[in-house]
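Novice: Coordinates for the following, if possible.
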Amino acid sequence: MTALPIQDYTLLDDTEAEARIAAAREQLGDRLVILGHHYQRQEVFQFADFSGDSLKLSRQAADSSAEYIVFCGVHFMAEVADILSRPEQVSILPDLGAGCSMADMANLANVERAWRELLEVLEPDEQVTPVTYINSAADLKAFCGRHGGIVCTSSNAQRVLDWSFSRREKVLFFPDQHLGRNTGYDMGISLDEMVEWDFDQPMGGLTPDQIRKARVILWKGFCSVHQMFKPEHIDRFKERFPETKVISHPESSFEVCQKSDHVGSTEVIIRTVRDSEPGTRWLVGTELNLVNRLHEQFQHEGKSVHFMSPTVCMCSTMFRIDPQHLAWTLENLAEGNVVNRIKVPETEAEQARLALERMLEVSP
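Specialist: Residues are numbered from 1 along each chain as shown. All right, here's what the predicted structure looks like:
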């Protein structure tokens, strides 16, 4: 059948779009599962059958029995759903423009060039375990799969690094330098043993001696949202409210994490705020939609949940998934049209699956 054009949906107001989502969802029944990341806007998040961070949603994608997996997240998440799901299942991203600026900071060409340059100093396939954060393209997960490497999330990064060091003496960690640095430091690795690989510079801007001495080689990448948080934001807020507890995502800078009372994934942040005493005040260093949702969810307990940055900042690419695109996607499915399918080439998917399965094996 001819696909319904997206232009017919862009002028819908949210109320009408949400009504049409609900109707199409009911029509599709158990043929459909909608996955929603914690950073998703509430107008879309409300329709998620399952919600969570990257690790939780990876497992739910693998366990789903639905014919259609509609991922309200970003591109790499839909790729993971495709890789881990069964061949007859279809992974869909409502807006193909929903990418990830962090993932874009590490592309396959630059990582392969880094691996060749490391070969001038080391034997990387014998000395270096490549570790990619799940916030990366499928071809980088495949790179890790074929080089004895692994994928990590912010939930399991320490377990993954333990696994990595049990096999080889060094780690190349990409694309997020902050998660790698914060995790390594918590494991007792000194800052002097972690070096930053600048992918715009020959040999990453490092000397052979720096590379030989390093235990962790950190890719010069970052999350544009978590990069916004600064130590002075914590200091200023605590001047006004000294009783405040601070919790930050490990994609935040080392300095911010060191000033925080707690550091953890989105699941850890939710659990920590949920389990805190009534009347607690929290300053949270993570994406705005999640912070707002926590404030709404726990204000009846007298808990105050505040966004760390004075500047409004959200995951702008995930924000592209709106009720209009979700309505367009579901109504097309109800009409027998698959739009915006995410399909990873089989050879690449097989290699990426190796790295993802290694991750799932070391995660509880």
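Novice: I figured Leu35 hits Gln60, correct?
Specialist: Yes: using CB atoms under 8 Å, Leu35 makes contact with Gln60 at a distance of 6.2 Å. Every C-beta, even on glycine, is put in place using the N, C-alpha and C of the backbone.
Novice: for the stretch 151-300 of the chain, which spans come out with low pLDDT?
Specialist: Within the stretch 151-300 of the chain, not a single segment meets pLDDT under 70.
Novice: Tell me the span between the first and last residue of stretch 142-159.
Specialist: End-to-end distance of stretch 142-159: 20 Å, with CA to CA, to the nearest Å as the criterion.
Novice: List the buried residues of that stretch.
Specialist: Across stretch 142-159, burial judged by 16 or more other CB atoms under 10 Å covers 142-157, 159.
Novice: In helices only, show me these.
Specialist: Among the buried residues of stretch 142-159, DSSP state H puts Ala142, Phe143, Cys144, Gly145, Arg146, Ala157, Arg159 in helices.
Novice: all strands of this protein, in order?
Specialist: Assignment of strands within the chain using DSSP state E yields the ranges 32-37, 50-52, 68-72, 90-92, 128-133, 150-152, 170-174, 194-197, 216-219, 245-248, 262-263, 281-285, 304-307.
Novice: how is the protein carved up into domains?
Specialist: Here the domain assignment for the chain is 6-99+317-344, 103-224, 226-307, based on automatic domain parsing.
Novice: Would you point out which residue is most central in this protein?
Specialist: Geometric centre of the chain, nearest residue: Asn135, 4.5 Å, by CA atoms, centre = their mean.
Novice: What score does it have for pLDDT?
Specialist: The per-residue pLDDT reported for Asn135 equals 89.
Novice: Pretty sure it sits against Ala157.
Specialist: No: look at Asn135 against Ala157 with CB under 8 Å: they stay out of range, at 11.7 Å.
Novice: tell me the contacts of Asp162?
Specialist: Neighbouring residues of Asp162 by CB atoms under 8 Å, 6 or more residues apart in numbering: Met187, Val362.
Novice: Swap in 10 Å and give it another go.
Specialist: Going by CB atoms under 10 Å, 6 or more residues apart in numbering, Asp162 touches Asn156, Met187, Val362.
Novice: Repeat that for Arg293.
Specialist: Neighbour list for Arg293: His38, Tyr39, Gln40, Arg41, Gln42, Phe45, Ser51, Ile270, Glu287, Val305 [criterion: CB under 10 Å, 6+ apart].
Novice: Name all residues that make contact with the last one.
Specialist: This means Val305. By CB under 10 Å, 6+ apart, the neighbours of Val305 are 247, 269, 273, 276, 280-284, 290-299.
Novice: circling back to that earlier point, go through the strands of the chain and pick out the most buried.
Specialist: strand 150-152 (a mean of 30; mean count of other CB atoms under 10 Å).
Novice: other SSEs contacting it?
Specialist: Judged by 3 or more CB pairs under 10 Å, 6 or more residues apart in numbering; DSSP states H and E, the packing partners of strand 150-152 are helix 54-63, strand 128-133, helix 138-146, helix 157-165, helix 177-186, helix 346-362.
Novice: Just name the most buried of these.
Specialist: Ranked by mean neighbour count, the helices and strands packed on strand 150-152 are led by strand 128-133 with a mean of 27 (mean count of other CB under 10 Å).
Novice: Mind listing the strands that strand pairs with, and their directions?
Specialist: Using DSSP bridges, the strands paired with strand 128-133 are strand 150-152 (parallel), strand 170-174 (parallel).
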